[in-house]
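Asker: Structure for this input, please:
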Amino acid sequence: MAAERLQKLIAAAGLCSRRGAEELLRQGRVRVNGHPAGLGDRADPERDAIAVDGRPLGGAAAPLLLLLNKPAGVVSSCRDPRGRPTVLDLLPPPLRRGQGLHPVGRLDADSRGALLLTNQGDLTLRLSHPRYGHHKTYRVWVEGQPGAEQLRRWAVGVPLEEGASAPVGVTVLQRRPERCLLELVMAEGRNRQIRRTAALLGHPVLDLQRVAIGPLALADLPEGQWRHLERREWDALAASVP
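Answerer: The predicted structure is shown next:
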């Protein structure tokens with residue numbers, strides 16, 4: 001087997017995503033044949049002894065892809081230094097340990113809805129990196145009644161601290177006396193982007209739910225529950241990104 005980049009091998013073994021593997025390398029937690037390895041180093045798993053935190057790197061993990069309906073108050077990470085519940089806490093012990101599952105992207109702790117978990121680093125990159133333009137759909141209750149001009153500004157992209165946001169598909173689904181339900185279709189997902197945009201436009205978010213990731217709809221999956229994706233769903237998801 002030809003030598004490959006260590007971050008690719010670590011991700012393929014299901015230990016973490018490629019981005020997570022790069023961080024392990026930066027922290028000096030990876031060794032090859034007993035020597036510290038750095039970002040960009042390569043190895044051949046058939047000839048070289050690769051270890052992370054002193055533990056030998058196993059072979060490629062069995063591919064897993066789960067769809068989770070994340071409740072509010074749960075953190076989209078594998079561990080939380082503040083001791084808050086994480087998405088892995090919602091899984092049974094056999095899936096929490098030794099499978100290398102990690103969330104694909106993030107859904108902030110205050111938000112709920114569709115979140116993918118996988119042990120496939122390449123898939124994580126394709127679904128979470130902004131350059132692939134992967135679309136996600138949200139149902140968002142906002143305070144008050146945004147007018148036509150505010151909805152237009154949201155649709156074309158509201159300037160945020162780090163620069164103008166990309167265009168957003170905005171549809172009004174329901175209006176009530178003191179709140180409004182919007183459907184948003186977005187190809188990017190900056191940190192708390194929806195909440196920051198809504199606040200800038202004068203209509204703070206009351207409830208935020210992600211209902212679809214590409215072609216995968218949350219449908220009737222109960223909150224706090226998860227399911228394995230079928231092969232046809234894997235294929236549809238892969239076809240939805242370049």
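Asker: ok, the residue nearest to residue 26 when sequence neighbours are not counted to residue 240 distance?
Answerer: In space, and not counting its chain neighbours, residue 26 is closest to residue 39: 6.1 Å by CB to CB, 6 or more residues apart in numbering. (Glycine included, C-beta is placed from N, CA and C.) Residue 39 sits 30 Å away from residue 240, going by CB to CB, to the nearest Å.
Asker: show me the contacts for the one residue sitting closest to the centre of the chain.
Answerer: The residue lying closest to the centre of the chain (CA atoms, centre = their mean) is residue 105, at 1.6 Å. Shown in contact with residue 105 (CB atoms under 8 Å, 6 or more residues apart in numbering): 76, 115-116, 127-128, 189.
Asker: With neighbour numbers in mind, choose between residue 39 and residue 240.
Answerer: Ranked by neighbour count (other CB atoms under 10 Å), residue 39 and residue 240 place residue 240 first, with 17 against 14.
Asker: Give me the helices and strands touching the lowest-mean-pLDDT helix or strand in the chain, please.
Answerer: Ranking every helix and strand in the chain by mean pLDDT, DSSP states H and E puts helix 121-128 at the bottom, with a mean of 70. Identification of packing neighbours for helix 121-128 by 3 or more CB pairs under 8 Å, 6 or more residues apart in numbering; DSSP states H and E yields helix 6-12, helix 18-26, helix 231-239.
Asker: what packs against the next helix or strand after that helix?
Answerer: For helix 121-128, the succeeding helix or strand toward the C-terminus, using DSSP states H and E, is strand 136-143. Judged by 3+ CB pairs under 8 Å, 6+ apart, strand 136-143 is in contact with strand 179-186, helix 193-200, strand 205-213.
Asker: Name the residues that touch strand 136-143?
Answerer: With CB under 8 Å, 6+ apart as the criterion, strand 136-143 contacts 113-114, 173, 178-186, 189, 194, 198, 203-214.
Asker: re the thing from before, ok, which pair from the contacts of residue 105 is furthest apart?
Answerer: The two members of these with the most space between them (CB to CB) are 76 and 127, at 13.5 Å.
Asker: related to what we said a few turns ago, list only buried entries from the contacts of strand 136-143.
Answerer: 113-114, 180-184, 186, 189, 194, 198, 203, 205, 208-214 (16 or more other CB atoms under 10 Å).
Asker: Outline the domain layout of this protein.
Answerer: When the chain is parsed with automatic domain parsing, its domains come out as 4-56, 65-128+219-239, 135-213.
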